[in-house]
Every structure is written in structure tokens, then in C-alpha cells.
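Student: I need the structure of the sequence given here:
(chains A and B)
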Protein chains: 2
Amino acid sequence: MAQPITEAALDQLFRSARTPNDWQPEPVEESTVRALYDLLKWGPTSANGSPARFVWVHSAEAKARLASLAMEANRPKILAAPLTVIVGYDLDFPDTMPKLFPARGEMMRQMFKQPGVAEVTAMRNGSLQGGYLILAARALGLDCGPMSGFDNAGVDKAFFAGTRIQSNFICCLGHGKPESIFPRNPRLTFEEAGRFA
Amino acid sequence: MAQPITEAALDQLFRSARTPNDWQPEPVEESTVRALYDLLKWGPTSANGSPARFVWVHSAEAKARLASLAMEANRPKILAAPLTVIVGYDLDFPDTMPKLFPARGEMMRQMFKQPGVAEVTAMRNGSLQGGYLILAARALGLDCGPMSGFDNAGVDKAFFAGTRIQSNFICCLGHGKPESIFPRNPRLTFEEAGRFA
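Tutor: Numbers count the residues shown, from 1 in each chain, chains lettered A, B, ... in the order given. Just a heads-up that it's a prediction; the model follows:
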């Protein structure tokens, strides 16, 4: 039976982790991005459908393009961070089911192709994978700056043209400047957020 | 600058973690559920809106009710697991903004109240919080069995009556029977799931 991971690791993942608003310039190496994907990819999704898709924006040109499509308050963050990932989800993910669920691929493909099913499944599971990404990045020692203040249609056109991939949220990755972190806001109590039944 | 957590912890969270299909009967203590919430609550959400809501189903009566609203293949899992959490999101979450974002609460409340904004924000961030829940549970040594095969409207009526909380997915928690785990399915390669830009 598994034991809890260390208190220090729980701090790093959850309790001490914070969202920076400005970033140190050191790059995030390609090997780190690949290590990050190789962790997050294992997180569970419905029938292993894995609908999330990622554009790892690190070139000056792509950063400028993404920044131009973001809310004004988010632009300097994208320009300062060494890397910002666009987390999208692919509405055509059902077509990957024969590969991702070999035992029942065609059946799963048909199920997810029913009207409306691909959309909600992609959004739910693509967002779950976004949560895995954030915690995997923190597990590797990176800071995360997730944001949803941007022009989704514009980002889809600029980065996902010719596909049925839709942008969900974006997330700066790197090492934040500690002085750019705001005071922490309160959370809901256990009872405010739920109950036993 | 933070260092990666240990390889053993990365295994426990991502690489070795699997979804069981049958469960050992030992209960999940209330103190463990509260510790789980006290980790997942720290995960980042848009403007700290924290829209996820949780019903921690552990009584025999509530398990039977939830199982009766699930796809047939999921019923025995819910009945066998010591606890299954219903992860929902509250469409009225904007009203919590003055508490959750004191500096700009009323402004954020108005922003999230714009037509259509609460719905997509609650689904995206409530699902992110579902990802935090799954990884926090694994971090505490629990196994997770997430499922979306159930009657959402029926679950909303049975467990969220009189609110604007909508069920998103459900997740068995406890210690799985190792022999109930299926062979692992493949994942998309880095290149299949994304690209640098």
C-alpha cells in the first residue's frame, strides 16, 4: 500500500507553490519540456482518449504573436516567460481511439463520435490533462502561470489552423521572480466546498 | 530554485499509478479526505474562483443511490470502493468572488456573470481541480478510479438539488485490488500531442 510522498514534495506541489507574475529569463530546456510531457501523459483520461494538445511557445516570434492575442495584463508575462504552453483539445480525438485503446478502439471511436460527446469529453479530459501539466511542471521544479485571458478564436487561427483543435488555456512555465507574487487569496473551507453523503 | 521531487514520488504520481477496477474494503478515513481537500484546494484556478464542489459518498445508502445512476459497468466499482467522490462545479461560483478575491471581488463577480462566462469557466477550472484531486489523492497514497459513465442529470437531482451545481465526473478512492488493473494502454508521442513554436 503506497505511503504519502514527503511533506516537502506536498509543499512543492500544492502548499507552497504560487503563481508568479514576472519571470526570470533562463530558458526551459527542450529536454525539460519532453520530461514534462512524459509525466503528464500518464494521467488518466476517459477511455485513455488523451484529447489535450500542446504548442510549446518559446521563439521570440511566436511569443510576440501569442502576446498580441492576450489580454493586455497578460502580454508582459508571455513576453517575459521563457516558455508559454498553449493547452488545447482536439475535437477529432475520437479518431485516435484505435491507437489509444486497442482492445475496443473502433467501439470507443463510435461512442465519442455521437453528437455532442466529443466536445464535452475533450473539454473535461483536456482540462484534467491541464491539471496534470501544472502539477507535473511543479514536480520538476518549474513555476506555472496559468491564464485564460486571451482571444481563443484568434489563438486557434494562429496556432491550430487546419485542425479541429481548440485552445483551452495558456500557461507560462519557467522560474518566477519571487517579488512578483501577490499575497495569497483565501480558499473555501471543506464544508463550503462539499459534504459527506 | 526548486529541484525535481524524487523519482519514487514521480512514479507514485504519474508513471506507476494505475486505475483499479475493483477495490479493497478498508475505509478511507475522514481525516484523509480532509487532508486531500486541504491539498487540492491550493491548486490554481482562474482568479481563484475555485468552482469545484465535492460530495464524498461513503454511506451504504448514498453509494447505492449513486451506483443506480451509473452505467452498468461502473456500478460494482462504486459499490465496492470505500468512497466515491462526485466532482461538480457550481455555476453560482461568481458569488464567492468577494470572499475568494477580496482585492477585486465585485469586479470579478461581474466579469464571471457575463453571459456564458460562468459556464465555461466553471467547467474548465472545475476540471482542473479534478486533476488536482486525482494527483493529491495519489500523493497521499490512495488509488483513483475516475469515471464519466453516469447519468449527470440524475446525479444532479439526487445530490445537488436546490443548487446550480452540476456534476462533472466521479472518482472512486481507496486501495485497489492489483489484479483488477488492465494492461496499460499506449500514449501519444510528444510529436503526436504537440510541437514547439
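Student: Quick one: end-to-end length of stretch A:1-15, please.
Tutor: 24 Å (CA to CA, to the nearest Å).
Student: Quick check: buried residues in it?
Tutor: The neighbour-count check on stretch A:1-15 (16 or more other CB atoms under 10 Å in any protein chain shown) flags A:2, A:4, A:5, A:9, A:10, A:12, A:13, A:14 as buried. For the C-beta atoms, the positions are set from N, CA and C on the backbone; glycine is no exception.
Student: Touching, the second one and residue B:139? I think so.
Tutor: Yes - with contact defined as CB atoms under 8 Å, residue A:4 reaches residue B:139; the gap is 6.5 Å.
Student: what two of the buried residues of stretch A:1-15 are the furthest from one another?
Tutor: Maximum pairwise distance in the buried residues of stretch A:1-15, criterion CB to CB, is 18.2 Å, between A:2 and A:12.
Student: Show me what secondary structure element comes after the strand ranked longest in chain A.
Tutor: Assignment by DSSP state E gives strand A:165-174 as the longest strand of chain A. Downstream of strand A:165-174, the next assigned helix or strand under DSSP states H and E is helix A:190-193.
Student: Now do the buried residues in the first helix or strand past that following helix going along the chain.
Tutor: Sequence-wise, the next helix or strand downstream of helix A:190-193 (DSSP H and E) is strand A:194-196. Using 16+ other CB under 10 Å as the burial criterion, the residues of strand A:194-196 that qualify are residue A:194.
Student: Okay, the residue nearest to the spatial centre of chain A and residue B:46: tell me how far apart.
Tutor: In chain A, the C-alpha nearest the mean C-alpha coordinate belongs to residue A:130, at 3.0 Å (CA atoms, centre = their mean). Going from residue A:130 to residue B:46 by CB to CB, to the nearest Å gives 12 Å.
Student: And the residue of chain A closest to chain B?
Tutor: Taking CB to the nearest CB, chain B has its nearest neighbour within chain A at residue A:131, 2.1 Å off.
Student: and the helix ranked longest in chain A with strand B:165-174, angle?
Tutor: Ranked by residue count under DSSP state H, the longest helix found in chain A is helix A:117-139. On the basis of axes from the mean of the first three to the mean of the last three CA atoms, to 10 degrees, helix A:117-139 is oriented at 60 degrees to strand B:165-174.
Student: Give me the packing partners of helix A:117-139, helices and strands only.
Tutor: For helix A:117-139, the packing partners by 3 or more CB pairs under 8 Å, 6 or more residues apart in numbering or on different chains; DSSP states H and E come out as helix A:30-40, strand A:52-57, strand A:83-90, helix A:105-113, strand A:143-147, strand A:165-174, helix B:117-139.
Student: Any chance of those in CSV with mean pLDDT and distance to residue A:181 as columns?
Tutor: Below are these laid out as CSV (pLDDT from 0 to 100; distance: least, CB to CB, whole Å):
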stretch, mean pLDDT, distance to residue A:181
helix A:30-40, 98, 22
strand A:52-57, 98, 23
strand A:83-90, 98, 18
helix A:105-113, 97, 40
strand A:143-147, 98, 9
strand A:165-174, 98, 13
helix B:117-139, 98, 19
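Student: All good on my end, thank you.
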